[in-house]
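> Pasting the sequence and the predicted coordinates here, then a few questions.
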There are 2 protein chains.
Amino acid sequence: MADAEAKERRILVAVDEGEESMYALSWCLKNLICESSKDTLILLYVKPPRVVYTALDGTGRRGYSEGYMFSSDIITTMEKYSNDVAGCVIEKAKTLCRDLQNVKVETKVEHGDPRDVICEMTGKLGADMLVMGSHGYGLIKRAFLGSVSNHCAQNASCPVLIVKRPKSTAGSN
Amino acid sequence: MADAEAKERRILVAVDEGEESMYALSWCLKNLICESSKDTLILLYVKPPRVVYTALDGTGRRGYSEGYMFSSDIITTMEKYSNDVAGCVIEKAKTLCRDLQNVKVETKVEHGDPRDVICEMTGKLGADMLVMGSHGYGLIKRAFLGSVSNHCAQNASCPVLIVKRPKSTAGSN
């Protein structure tokens, strides 16, 4: 017991484009990570599920996905946008970690329903702890998906640390 | 950032009579507490709300509480039982912490609705983190109260670490 300084912990942090997840990461760096330990920090970003489509073709059949119709141009643009956002989020998260000396930082981008993917990845990546913001995965997605953090607290294969951004810091990072 | 080894963290662990909360405490000792840090560990047990009553008296009026009638003997017995359980739980939790060298261990027994009391105490005790089992506060109470951990994750004044007991360890501590 009490051997945290000797233990190699794999800490998975779910990040997204919202400020709350960056606050959770900052809090984790400040309060959990021991430079003296051999922690590995894994930054996970989950892109929205890929759109399944068939491009507009000469037969007049059109691609449908979740009730919407997309031309291949729009699909391409959406995929590019989604990749750009992923890149942005991961870069921002890595920047927050730039001062870490002994801690290994890994990044991982997946796609799918964040609730399922995050829980799945705790097992696949052998995480000892999952850290996430309480508002989980962006305002818009949350409206459709419900609370990601509640779901993960019940279904992840490791303990889950839910970091709620204090009201006083809202508006800043 | 990454100055956890220098920081004095106040870690509040909500314990109850269930094995899951003891698992959460053990996990915390193993994975969070750094002997090299100046952490303070606060063990909190919340007793069920005190029964409000007027004793049976010569006028034939009887004490009512939440629809039940109690004689003063039963009340006294219940209060004693509740205190005994509190003592037991705190002792068991302290035993788990006995090997800590540099970490200060404090204990706190409160009474009331655990959901409210735990959230309140995170603020009052200046906790930097709250650790609790995911099944929160015993099977019977949970049936009436709903998920204590979900409530605390949303309402505590600090980040909340929810530790779910792995299925493989069920039945042992």
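Thanks, I have it.
> does any part of stretch A:104-123 sit near chain B?
No: Stretch A:104-123 is not in contact with chain B by Cβ under 8 Å from any Cβ of the partner chain; minimum separation 10.8 Å. Quick note: C-beta positions are derived from backbone N, CA and C, even for glycine.
> what about that stretch, start to end distance?
Stretch A:104-123 has an end-to-end distance of 19 Å (Cα to Cα, to the nearest Å).
> what element comes up after the longest helix belonging to chain A heading to the C-terminus?
Assignment by DSSP state H gives helix A:72-96 as the longest helix of chain A. Next along the chain after helix A:72-96, taking DSSP states H and E as the criterion, comes strand A:104-111.
> State the mean pLDDT of that following strand.
For strand A:104-111, mean pLDDT rounds to 95.
> Please name every helix or strand in contact with it.
Secondary-structure packing of strand A:104-111 (3 or more Cβ pairs under 8 Å, 6 or more residues apart in numbering or on different chains; DSSP states H and E): strand A:40-47, helix A:72-96, helix A:114-124.
> hmm, who's touching the first one?
When contacts are taken as Cβ atoms under 8 Å, 6 or more residues apart in numbering or on different chains, the neighbours of strand A:40-47 outside the stretch itself are A:8-16, A:25, A:28, A:33, A:82-83, A:85-86, A:89-90, A:93-94, A:97, A:100, A:103-114, A:117-118, A:121, A:125, A:127, A:137.
> my read: residue A:34 touches residue B:34, true?
Yes: if you go by Cβ atoms under 8 Å, residue A:34 and residue B:34 touch, sitting 5.6 Å apart.
> next one: the longest helix of chain A to chain centre, how far?
Here helix A:72-96 is found 13 Å from its chain centre; the criterion is Cα atoms, centre = their mean, to the nearest Å.
> What is it packed up against?
Counting by 3+ Cβ pairs under 8 Å, 6+ apart, helix A:72-96 packs on strand A:10-15, helix A:19-31, strand A:40-47, strand A:104-111.
> Tell me which of the ones you listed is the most buried.
With neighbours taken as mean count of other Cβ atoms under 10 Å in any protein chain shown, the helices and strands packed on helix A:72-96 reach their highest mean count in strand A:10-15, at a mean of 25.
> the inter-axis angle of that one versus helix A:114-124?
Counting by axes from the mean of the first three to the mean of the last three Cα atoms, to 10 degrees, strand A:10-15 points 160 degrees away from the direction of helix A:114-124.
> Any residue of strand A:10-15 touching chain B?
No: judged by Cβ under 8 Å from any Cβ, strand A:10-15 stays clear of chain B, getting no closer than 9.6 Å.
> who does that strand touch, helix- and strand-wise?
Using 3+ Cβ pairs under 8 Å, 6+ apart: strand A:10-15 touches helix A:19-31, strand A:40-47, helix A:72-96, helix A:114-124, strand A:129-133.
> What residues of the longest one count as buried?
Of the residues in helix A:72-96, A:75, A:82, A:85, A:86, A:89, A:90, A:92, A:93, A:96 count as buried by neighbour count, 16 or more other Cβ atoms under 10 Å in any protein chain shown.
> can you pull the contacts of the fifth one?
When contacts are counted by Cβ under 8 Å, 6+ apart, residue A:89 touches A:15, A:16, A:17, A:45.
> Would you point out the helix or strand in chain A whose mean pLDDT is lowest?
Least confident helix or strand, chain A: strand A:64-65 with a mean of 48, by mean pLDDT, DSSP states H and E.
> Torsion angles phi and psi at residue A:125?
Dihedral pair for residue A:125: phi -90, psi 0, per degrees, to the nearest 10.
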